[in-house]
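Trainee: below is the sequence, then the predicted model.
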Amino acid sequence: MLLAILQQLWSSSSLLAINNLSPNMTCLSAVMIISVSKCALEALSYDPSTLHLTNDSAVCTNVYPEIKNSMNVYSMQVLPLNQTCGTEMQVNDVNVTYSNVLYVSSNYNGLVLAPPFNLSFSCTYNRTFLTSLATTLHPVINTENVTIPGMPGTSEATIAAFVDAAYAVPLDSTQVLSVGSTVYIGLISQSVDGDMFALRVVNAFATPTSNSSVPNKVDLIIGGCPANQGVSVQVDMNGLSLEARFNFKIFLFQNEPDVYLYCLVRLCDKTTEACTGCQPGS
């Protein structure tokens, strides 16, 4: 009978915790911030020092007090990165959602006065090229300027490598890809009218050195379409919008450890010219 009563009390405590410890989420482009009420934690005998994420390593327990909306809270910052501190990523055609769990335990002068409790939380971002790059610590990325046809000035064009067919998970510079695996290359242009212009990859090629003019090179794209020079290449999007995409199977030059990728791109005026298909361009 006593055991049944204790179980009922702990169950009531859990229900109270659920009603009072609802996390407050702030979803920023480069960080997720989860906050819980200091008063609610103390009232329910939970110890803020026990707060941790799914992965409870030292970097995943960085809890700090602050005031939000005139309320004392304990907060924790979480990078929206897959597998960081146990964060899981789900991708669909529109969004990228990062989810984790915040755990808290009771510890009051050596006594456990409440059952352990966990709070699930998540942030959802529009799945865009730049959002994906902003949430990666060391993305493989490069940015250059391209001229705008018939207009003064230039527009930035960014190229980045991804590891998934959804172009949502950027390649980290610390990762090593094996020969035969697929790498996905995404390009995007900014600060230009997308109704008028489209980004078009005219040519793409690879070399074994950082010198793009060396004769030892392999063409990947010629005239906007796969070059078919022994390397498997697929063009997923080109000349349709301000984003272009293609992928190819990783290869190596004999006796060379690196592969450098170069793309000749241009902004194409969709109102006056054909921007898609296999055709050379200036």
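Mentor: Arrived safely, thanks for sending. Owing to the predicted nature of the structure, the values given are computational and were not obtained by experimental measurement.
Trainee: outline the domain layout of the chain.
Mentor: For the chain, automatic domain parsing gives the domain ranges 17-127, 131-269.
Trainee: mean neighbour count added to the ones you listed, as CSV?
Mentor: The C-beta positions use only the backbone N, C-alpha and C, and glycine is treated the same way. Shown next, in CSV, are the domains of the chain (neighbours: other C-beta atoms under 10 Å):
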stretch, mean neighbour count
domain 17-127, 16
domain 131-269, 16
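Trainee: so who does the residue lying closest to Leu81 once chain neighbours are set aside touch?
Mentor: Leaving out its chain neighbours, the residue that sits closest to Leu81 by C-beta to C-beta, 6 or more residues apart in numbering is Thr135, at 5.9 Å. By C-beta atoms under 8 Å, 6 or more residues apart in numbering, the contact list for Thr135 reads 29-30, 79-81, 98, 125.
Trainee: out of the residues you listed, which one has the weakest pLDDT?
Mentor: In terms of pLDDT, the lowest of the contacts of Thr135 is Ser29, showing 72.
Trainee: any idea how far it lies from Thr131?
Mentor: 7 Å (C-beta to C-beta, to the nearest Å).
Trainee: what do those two both touch?
Mentor: Contacts common to Ser29 and Thr131, judged by C-beta under 8 Å, 6+ apart, are Tyr125.
Trainee: what's the spacing between stretch 66-86 and its chain's center?
Mentor: 18 Å (C-alpha atoms, centre = their mean, to the nearest Å).
Trainee: what are the ranges of the strands in the stretch 1-150 of the chain?
Mentor: Ranges of strands within the stretch 1-150 of the chain are 24-27, 32-37, 46-52, 63-68, 71-78, 88-91, 95-106, 117-126, 141-147, based on DSSP state E, counting those that start in this stretch.
Trainee: with the stretch 151-282 of the chain instead?
Mentor: Under DSSP E, counting those that start in this stretch, the stretch 151-282 of the chain gives strands at 154-162, 182-189, 197-207, 218-222, 225-226, 233-237, 243-249, 260-269.
Trainee: nearest spatial neighbour of Met237, skipping sequence neighbours?
Mentor: Arg245 (4.3 Å).
Trainee: wait, that neighbour touches Ile185, no?
Mentor: Yes - between Arg245 and Ile185 there is a contact at 7.0 Å, judged by C-beta atoms under 8 Å.
Trainee: any idea of the pLDDT on the nearest residue to Thr54 once chain neighbours are set aside?
Mentor: Leaving aside its chain neighbours, Thr54 sits nearest to Gly86 (2.6 Å; criterion: C-beta to C-beta, 6+ apart). Looking at Gly86, its pLDDT stands at 92.
Trainee: so who does Gly86 touch?
Mentor: Counting by C-beta under 8 Å, 6+ apart, Gly86 has contacts 53-55, 60, 100-101.
Trainee: what separation is there between Asn203 and Asn216?
Mentor: 16 Å.
Trainee: brain fart, Pro48
Mentor: Taking C-beta to C-beta, one finds Pro48 at 60 Å from Asn216.
Trainee: pLDDT below threshold where in this protein?
Mentor: Within the chain, the stretches with pLDDT under 70 are 1-21, 107-114, 280-282.
Trainee: I'd say Thr207 and Asn216 touch.
Mentor: Yes - using C-beta under 8 Å, Thr207 is in contact with Asn216, at 6.6 Å.
Trainee: who touches both of the two?
Mentor: Phe253.
Trainee: got the contact list for the residue lying closest to Ala168 once chain neighbours are set aside?
Mentor: Excluding the flanking residues, the one nearest Ala168 by C-beta to C-beta, 6+ apart is Val91, at 4.7 Å. Neighbouring residues of Val91 by C-beta under 8 Å, 6+ apart: 97, 127, 164, 166, 168-169.
Trainee: ditto for Asn62
Mentor: 76-77.
Trainee: next, give phi and psi for it.
Mentor: Main-chain torsions, Asn62, degrees, to the nearest 10: phi -80, psi 80.
Trainee: follow-up on the earlier one: ok, so of the contacts of Val91, who is nearest Val73?
Mentor: Thr97 (23.4 Å; C-beta to C-beta).
Trainee: distance-wise, check that closest one relative to Asn126.
Mentor: In terms of C-beta to C-beta, Thr97 sits 11 Å off from Asn126.
Trainee: try His138
Mentor: 23 Å.
Trainee: check Ser189 too.
Mentor: Taken as C-beta to C-beta, the span from Ser189 to Asn126 is 18 Å.
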